[in-house]
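Chemist: The amino acid sequence is not available; the structure is as follows:
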Ligand code: HEA
Ligand code: HEA
Ligand code: CUA
Ligand SMILES: [Cu+2]
């Protein structure tokens, strides 16, 4: 193998040699952006498999306790689930519009869109809070905390298992929403300071991807828990 | 950066259309859940198909996979494909287990004195 | 080659064993040939092409034919091995309809077996030669695994389910079985004896529990029962407290029960403790001792009592 | 300027050694703790995983000592009781797998070498790299805490319902494993992004050294399989805490489902272990044969094939566990497929040695040991993949011997070989060659004494995880224990002369072995930013044809 060298000082692709966000080990900003994106997608793939494990568990337990799961699911309120779906889909749209605004140098719009997104996230959590407290009152809780009375099939653990999964999956999803609110707030603040523009908006883009994934998971949670009987 | 070359107005319009499509699909899936398609399995298939269409829309348009570098799409697809493998093989096992018991184990385990529950009935 | 097989593998106690061993030996020789080939090549090349300063090596990047050969040949071998293994497996997994069924209950760390006529044993099975026996197994606590090396069979025992395993014994005499799925502290003590009898001996054994006991003094027989029937998992003989009270020095002493009453430990008390352990619970212990009704024959009880008397 | 790299010219780049290198560019503990330099993180990982290896190895020697006699007595005293024994082998397995072997090669050697091989200045996400190391430390701390709080006695496989009911610090250990999982995910994620985006100008996918291919294939598994381990551990912890009812049959769960969850990760994980080991061998063999690698593409593809096929065979750990017969047959059939890419690699390495110019320096000795030991380990995997033989062999010492041949005889031997190979690059020092070869021989002999024996034990019916055993197995157990002492002695010698080499002044040339990959272009040890000038690749890797010297 033989090698030659390239003089970095005169790199023809170094579009933004002085950009403060440019990290030393990347040659160009574009390379840096693409790399971040690959990293983010890989992270999202791990999220898919993390949640996926729960989906597989849910599916197998549903096969084991078909009647109990069917009956337990009647305790969930379809309208609330649907409302939350609409809220999240809408927030996904405001998010993508936010990314577009950042890319087209519209600072004000970016902040507004992000604020609406955060608002939607809060509404979502509010509805979930309402649903959770309802469940807690009725004793529809996971595992050995399950105290609900009046189930059709006596002497079975299936109901408690259903609510274990309900709380684990919506709970993990809820944690992701909470983290998302933090991230959205963080880029809103930075956006407000004018840190993003058409040549540097990586964080907005990546948070956007994260937010869409949270939405995407809900798209499956909703029919699985609220609709299928 | 290079992947977004078309104009912002058209892009915004596309996003709006996508949102509307997603909302309509949500309506359909909620509506469909009140109809009974013969068997329980059919309802599951309908609901999950609609969910998959919605998820695809989000991934392709909101998450830009349609115009992004192919490697990102590949990574996303890999996530779902390997999840699918996990689900598929586990299902194969569960589906074909003969003495798979849908009920839970009796809460009180029989002490060895009492004759053990005769399992012969469950074994062909 | 038979001597070689018996060097590596346990005696063959069933028809299935021969099946397994045939594949095992095939794989052994295949592996030996492949391994020796690889080892020879590596060492030969290292010596033959020993380093000489300045020698230039040929630039061989690949050789498509060769590469296809060493991908396809192993693949074909693998197909053969797979079907060979599958053939044995089919025999292993489908028991003949006319098998004798023995119910197995595994529990930390004792095996109990129940015969079709209702007689029960612990850690001790007798089976008639030449007849298929099927074990229908379940567990009361965690996973266990019924493993009979001489028969080459093994299957996990899953709580809440029934799994089965079967074989046709062909060789008279004692064999051993053991637990092969990790189950805690007593995992490695969870073993027992499998005796293959001829038809007459088997019948007799079912009725009387055999007459092996006649060969031993009662206290020695009792000591053997302690090991065999699993008393040893809970009762020590040196005074240390196990899951149950130690047997050391209990005979003739006044034992206090959980309801506050005291009883003299005599023959009747001991017999009751074995048959209806939950009638009187020794203070400070839980009522976890299983009843041995039907498991201990009169001679066993006599032996155990005689043995406990010796533990001063 | 073209640089010719041939063995007759080992002191290539024999420019004056730069005064500042990555080791002394900055000083003080904090400069290490807060470093984002992949080389320093690699060194910290190396120290960390070798300490874990040491601890795991001590537990191993204790296992062997306990099994020396059926009475477990040493000088008249019982060494450890059954409970303690169960904890010891659990800790041995868990430490070796999660703290040592999975992070070993990726965390240390790949972290150090991969960017250098690509001609990059660092990995794609240097801070994530540091985070991964600290997650490892966090996981190790949790594991140590769990040892203090009564340790864990479930076996490294955590099978339910034993693990959901035993009174032990299982919760802490599951959290440790969860944390270590994320450490591994971050490493893998980083390597994929690095390989995609930070290759030197002119370096296409098929110009990458095979070590990079192996690491890349490994990273795919790390990213796609490990999250499932994470969720398994969470479910297990929740089952213990709340009885959620998924794995414990007493409350309606299914223990076999747990095994699916566990092996969906843990089978691919065995390829997380072996593929980087194979990657190292693919570097050592051409270098010490001074001959181009045979079948470059076949080796590269087979790494990826192993990574992908590895996801399809996990059920071979459950042939007799109560999964359905159909699943069992499918998994057995698929299991054989992984034999093909493994065989392809083995044969390609042999073909590389053919007509080479082979010098048996220490790394090459380890590489040849690897070829022999991995062949045995892999071929005995075939015994286990075949259905009827597995029924007899599963959960016996045959399995124990199989996986030690692939993990210790395969991965660890390759790892130690790799440590020797890159030792001059990492530390700037040459170790003592004579002791290197002696120790390698001791390790090889000791290893075979320890574990070849165990194939016979297992075939004879000796179950694994057994504290007490029948007297008939005693001679073989004793022999195995003697072997473990020889093995231990060999490894201690390795540790001794490697540490001793650190005390002498830096004496390693830039390219002591005549390697052709880019890490040999920079100084030993490398400067902080890896290369003085961005290297550009113009020829395929492993080109040992004589170069026509051009003039600059
Ligand atoms: C580095 C780790 C590693 C590697 C690489 C492997 C590689 C393989 N393993 Fe192993 N395995 C483990 C680690 C590993 N294993 C561990 C840790 C366990 C036990 C876990 C536990 O229970 O605690 C285990 C257990 C295990 C089992 C379950 C045993 C049981 O519990 O019943 C099985 C069954 O199929 C198996 C099979 C295989 C096969 C087929 C390969 C193949 O990849 C091997 C392929 C290689 C070759 C075949 C050799 C080279 C090829 C040729 C020379 C070509 C010619 C070959 C033929 C014609 C066959 N392994
Ligand atoms: C990477 C994985 C790995 C490695 C390397 C080893 C290494 C060894 N293992 Fe282990 N082992 C496992 C993974 C591993 N093991 C697993 C997963 C299990 C299953 C656990 C379970 O059932 O749950 C197991 C189980 C297991 C058993 C079976 C226990 C039982 O079933 O009852 C035995 C018994 O002999 C054993 C022995 C050994 C021995 C003697 C070594 C020796 O090779 C160790 C030699 C090492 C040393 C002596 C340390 C010396 C180190 C230094 C001096 C520092 C080195 C520094 C440099 C080289 C620079 N191991
Ligand atoms: Cu019962 Cu191991
Ligand atoms: Cu495996």
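Modeler: Okay, I see it. Please read all numbers here as calculations on a predicted model, not as lab measurements. Ligands and ions are numbered 1, 2, ... in the order given.
Chemist: Can you tell me how far the residue of chain C positioned farthest from its centre is from residue D:546?
Modeler: Distance from the C-alpha centroid of chain C peaks at residue C:54, with 62.9 Å (C-alpha atoms, centre = their mean). As judged by C-beta to C-beta, to the nearest Å, residue C:54 and residue D:546 stand 10 Å apart. C-beta coordinates here come from the backbone N, C-alpha and C atoms, glycine included.
Chemist: same thing with residue C:310?
Modeler: Distance from residue C:310 to residue D:546, by C-beta to C-beta: 88 Å.
Chemist: Let me see the mean pLDDT of stretch D:501-520.
Modeler: For stretch D:501-520, the mean per-residue pLDDT is 89.
Chemist: And the helices in chain B, which stretches?
Modeler: Using DSSP state H, the helices found in chain B span residues B:8-34, B:40-57, B:70-96.
Chemist: What residues of the first one count as buried?
Modeler: The neighbour-count criterion (16 or more other C-beta atoms under 10 Å in any protein chain shown) identifies B:11, B:15, B:18-19, B:22-23, B:25-26, B:29-30, B:32-33 as the buried residues of helix B:8-34.
Chemist: what do you get for the second one?
Modeler: Applying a neighbour-count criterion of 16+ other C-beta under 10 Å, the buried positions in helix B:40-57 are B:43-44, B:46-48, B:50-51, B:53-55, B:57.
Chemist: angle of it against helix B:8-34?
Modeler: Using axes from the mean of the first three to the mean of the last three C-alpha atoms, to 10 degrees, the direction of helix B:40-57 lies 170 degrees away from that of helix B:8-34.
Chemist: Of all the helices and strands in chain B, which has the lowest average confidence?
Modeler: Least confident element among the helices and strands of chain B, by mean pLDDT, DSSP states H and E: helix B:40-57 (a mean of 88).
Chemist: helices or strands next to it in the packing?
Modeler: helix A:202-222, helix B:8-34 (3 or more C-beta pairs under 8 Å, 6 or more residues apart in numbering or on different chains; DSSP states H and E).
Chemist: got a list of what the most centrally placed residue in chain C touches?
Modeler: For chain C, the residue nearest the mean C-alpha position is residue C:178 (1.8 Å; C-alpha atoms, centre = their mean). By C-beta atoms under 8 Å, 6 or more residues apart in numbering or on different chains, the contact set of residue C:178 is C:147, C:149, C:190-192, D:461, D:463.
Chemist: Redo those residues as a markdown table? Include distance to ligand 1, neighbour count and secondary structure.
Modeler: Shown next, in a markdown table, are these (distance: C-beta to the nearest ligand atom, whole Å; neighbours: other C-beta atoms under 10 Å in any protein chain shown; DSSP: H, G, I helix; E, B strand; the rest coil):
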| residue | distance to ligand 1 | neighbour count | secondary structure |
| --- | --- | --- | --- |
| C:147 | 12 | 27 | strand |
| C:149 | 15 | 24 | helix |
| C:190 | 19 | 27 | coil |
| C:191 | 20 | 20 | strand |
| C:192 | 23 | 20 | strand |
| D:461 | 14 | 26 | coil |
| D:463 | 11 | 27 | strand |
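Chemist: JSON lines for the residues you listed, including distance to residue D:67?
Modeler: Shown next, in JSON lines, are these (distance: C-beta to C-beta, whole Å):
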{"residue": "C:147", "distance to residue D:67": "19"}
{"residue": "C:149", "distance to residue D:67": "18"}
{"residue": "C:190", "distance to residue D:67": "18"}
{"residue": "C:191", "distance to residue D:67": "17"}
{"residue": "C:192", "distance to residue D:67": "22"}
{"residue": "D:461", "distance to residue D:67": "16"}
{"residue": "D:463", "distance to residue D:67": "13"}
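Chemist: need those residues in CSV with distance to residue D:261 and pLDDT, can you?
Modeler: CSV is the format used below for those (distance: C-beta to C-beta, whole Å; pLDDT from 0 to 100):
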residue, distance to residue D:261, pLDDT
C:147, 25, 96
C:149, 30, 95
C:190, 26, 92
C:191, 30, 90
C:192, 33, 90
D:461, 30, 93
D:463, 24, 96
